[in-house]
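*Asks:* The following comprises the amino acid sequence and a computationally predicted model.
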Amino acid sequence: MPHTKAMPRLLWPLPQAARLFSGLPLFAWPLCLIASLAALLAPALWNGFAVVFYDTGGYVEAALEMKLVPGRSLFYGLFLWAASLGWWSFWGPALAQALAVVWLIRLLLRCHDLPAGPFAVGGFSLGLSALTGVSWYAAQLMPDVLVPLTALALWLLGFRWLRLGRIERAGLGLVALLGLLSHMSCLALAMGLVLVTLAGRLFCRRWPLHITVAPPVAVVAAALILMPLLHLTLTGKGGYTPGGPTFLFGRLVQDGIAQRWLAEHCPAPGIKLCALQHRLPTTADDFLWGGLSPFLDIGGWTGDSEPELKQLTKAAVSAYPGMTLWTTLRSTAQQMVKVATGDALEEDHHDTRGILADFLPGMAPSFKAARQQQDQVTQELFDRLNLIHLPVALASVFALLPLALLCLRAARHDLAALALFVFLALLGNAFICGALSNPHDRYQSRLVWLAPLVVAMIALAVGNHRCQRLSNHSGSHLPSPL
């Protein structure tokens, strides 16, 4: 039987390599960690400084002045301050984010009975860094990387609770809590994932899964309670991170719903935009950030505009429910497939540049010398990367549901549930960011690398299963791994 002998010998090195490396932990794990961090921080290492975005300066400003900034979490600003050792170096936050990614990957592998030694963890970290945009988020001074990490943390807390140690449970709770406090979209997504966990507990009782609802619920409840209380304590003003209604109205502008309501109902008492409707732009970004936007005339981001925009949003949605539903579905679908890496990273982030120059002059020289500020981070760079990132992301996303069915047939209910959980997380994120704000590649690409991660895990599980089956079939013909 030469065929059955050859196949185990061919498949043996891949699933058994982790054993070889795990037998040499003194140098294998340090090498794995160095290689993984280098891959995840590659954009920052090449750039010469942590990657920044328009919003980065707003987070720094919120922490420096201890105030609430619309759409900019005070808590992520405080994380930047703490991880940078009091604004000493922004390599600290980037390193902390990359370490969290590596740790969550290892926990996920181990809790699903997959190889979780240095070879496996390093391979996953390097592979994801090469094939997806995860490194551009781990190396970026933005809370975007916390969104997928929060989803993974909630999965592990809800579906793999019994596989975790006490320190691991506490660490996952802290990672998730930081994510929930750092961005309102992350908080909204987590609330949806808690409902998914509850639904799993109610409707998947026949599956051999131990689903624990209390830990994810406790983390989300803690965030909902702590955010307004901490805001009140630190700034003297309670409540949640402001700005949500403004982003939603921006989406109504982009879909033409706001313009239609104003054209059919103006003049209206207390609506300043009636007199300015001829200046309304056609995109949400131009409305929110354009220098000539009528949004500035009614108060802009000072908060004075929020009551009017809330009133207009409610009125427009009530007046045109069918149009609102259609554009909501369309925006969600658009966001689901907008997953390109590098959205707006090539542009001039003048707000962040000004804040760093004014408030953190010690970092200004290295910041200005970075490739990103020298216009070397270009759209052409991301076009080349997306030749790989886009097909990998889209193929993985649409493979999740078929692979979930495959895992069910193979009695791997844990991986089937994980694939479904990640797909629903991606769908929920697409609704939150696409329909409640407006579609951007950044919103979905920050999370989409979870799909290739799960696909690779399923492939590894299938390979291990086949290798084990062939090994049992061939018996002593398989050489000893050691």
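*Replies:* Nice, I can see it. Since this is a predicted model, take the numbers as computed values, not measurements.

*Asks:* C-alpha from now on. contacts and neighbour counts both.
*Replies:* Noted.

*Asks:* quick one: least confident helix or strand in this protein?
*Replies:* helix 2-11 (a mean of 40; mean pLDDT, DSSP states H and E).

*Asks:* Residue 234 versus residue 65, what's the distance?
*Replies:* Using C-alpha to C-alpha, to the nearest Å, we find residue 65 at a distance of 10 Å from residue 234.

*Asks:* Which of these two has more residues huddled nearby?
*Replies:* residue 234 (15 against 11; other C-alpha atoms under 10 Å).

*Asks:* Local confidence estimate at the closest residue to that one other than its chain neighbours?
*Replies:* Nearest residue to residue 234, sequence neighbours excluded (C-alpha to C-alpha, 6 or more residues apart in numbering): residue 66, at 6.8 Å. pLDDT, the model's per-residue confidence, is 93 for residue 66.

*Asks:* contacting residues around residue 66?
*Replies:* 74, 234, 235 (C-alpha atoms under 8 Å, 6 or more residues apart in numbering).

*Asks:* The first one contacts residue 184, doesn't it?
*Replies:* No - with contacts counted by C-alpha atoms under 8 Å, residue 74 stays clear of residue 184, the gap being 11.5 Å.

*Asks:* Please enumerate the shared neighbours of the two.
*Replies:* Residues touching both residue 74 and residue 184 (C-alpha under 8 Å, 6+ apart): residue 241.

*Asks:* who has more neighbours, those two?
*Replies:* For residue 74 and residue 184, the more surrounded residue by other C-alpha under 10 Å is residue 74, and the numbers stand at 31 against 20.

*Asks:* Just give the nearest non-adjacent residue to that one, would you?
*Replies:* Using C-alpha to C-alpha, 6+ apart, the nearest residue to residue 74 is residue 62, at 5.3 Å.

*Asks:* Just give me the neighbour total for the one you found.
*Replies:* Using other C-alpha under 10 Å: residue 62 sits among 21 other residues.

*Asks:* list the helices and strands the helix or strand it falls within packs on?
*Replies:* Secondary structure assignment for residue 62, by DSSP states H and E: helix 56-65. Here helix 56-65 touches helix 74-83, helix 350-359, going by 3 or more C-alpha pairs under 8 Å, 6 or more residues apart in numbering; DSSP states H and E.

*Asks:* Need the CA coordinates for it. PDB is fine.
*Replies:* Provided in PDB are the C-alpha atoms of helix 56-65 (Å, rounded to 0.1, in the frame of the first residue of the first chain):
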ATOM      1  CA  THR A  56      -5.400  60.000  16.500                       C
ATOM      2  CA  GLY A  57      -4.900  63.600  17.500                       C
ATOM      3  CA  GLY A  58      -8.400  63.800  18.900                       C
ATOM      4  CA  TYR A  59      -7.700  60.900  21.200                       C
ATOM      5  CA  VAL A  60      -4.500  62.600  22.400                       C
ATOM      6  CA  GLU A  61      -6.400  65.900  22.900                       C
ATOM      7  CA  ALA A  62      -9.100  64.300  24.900                       C
ATOM      8  CA  ALA A  63      -6.600  62.700  27.300                       C
ATOM      9  CA  LEU A  64      -4.400  65.800  27.600                       C
ATOM     10  CA  GLU A  65      -7.300  68.200  28.300                       C
END
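
*Asks:* Give the buried residues for it.
*Replies:* Within helix 56-65, the residues scored as buried using 16 or more other C-alpha atoms under 10 Å are 56, 57, 58, 59, 60, 61, 62, 63, 64.

*Asks:* and what of stretch 307-315?
*Replies:* Residues of stretch 307-315 classed as buried: 308, 309, 312, 313 (neighbour count, 16+ other C-alpha under 10 Å).

*Asks:* need the contact list for the last one.
*Replies:* This points to residue 313. Residue 313 is in contact with 245, 248, 249, 252, 258, counting by C-alpha under 8 Å, 6+ apart.

*Asks:* switch to 7 Å and redo it
*Replies:* Counting by C-alpha atoms under 7 Å, 6 or more residues apart in numbering, residue 313 touches residue 249.

*Asks:* Give me the local confidence score for it.
*Replies:* In this prediction, residue 313 carries a pLDDT score of 93.

*Asks:* Okay, it and residue 294: tell me how far apart.
*Replies:* According to C-alpha to C-alpha, residue 313 stands 16 Å off from residue 294.

*Asks:* do the same with the third one
*Replies:* Applying C-alpha to C-alpha, one obtains 14 Å for the distance of residue 312 from residue 294.

*Asks:* Do I have it right that residue 393 meets residue 448?
*Replies:* Yes - contact status for residue 393 versus residue 448: in contact at 6.3 Å, counting by C-alpha atoms under 7 Å.

*Asks:* More neighbours: which of those two?
*Replies:* residue 448 (31 against 26).

*Asks:* would a markdown table of the contacts of residue 66 with pLDDT and distance to residue 368 be doable?
*Replies:* Output for the contacts of residue 66, formatted as a markdown table (pLDDT from 0 to 100; distance: C-alpha to C-alpha, whole Å):
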| residue | pLDDT | distance to residue 368 |
| --- | --- | --- |
| 74 | 95 | 25 |
| 234 | 94 | 32 |
| 235 | 93 | 31 |
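
*Asks:* where's residue 250 relative to residue 359, distance?
*Replies:* 31 Å.

*Asks:* Neighbour count: these two, which is higher?
*Replies:* Between residue 250 and residue 359, counted using other C-alpha under 10 Å, residue 250 has the larger neighbour count: 26 against 15.
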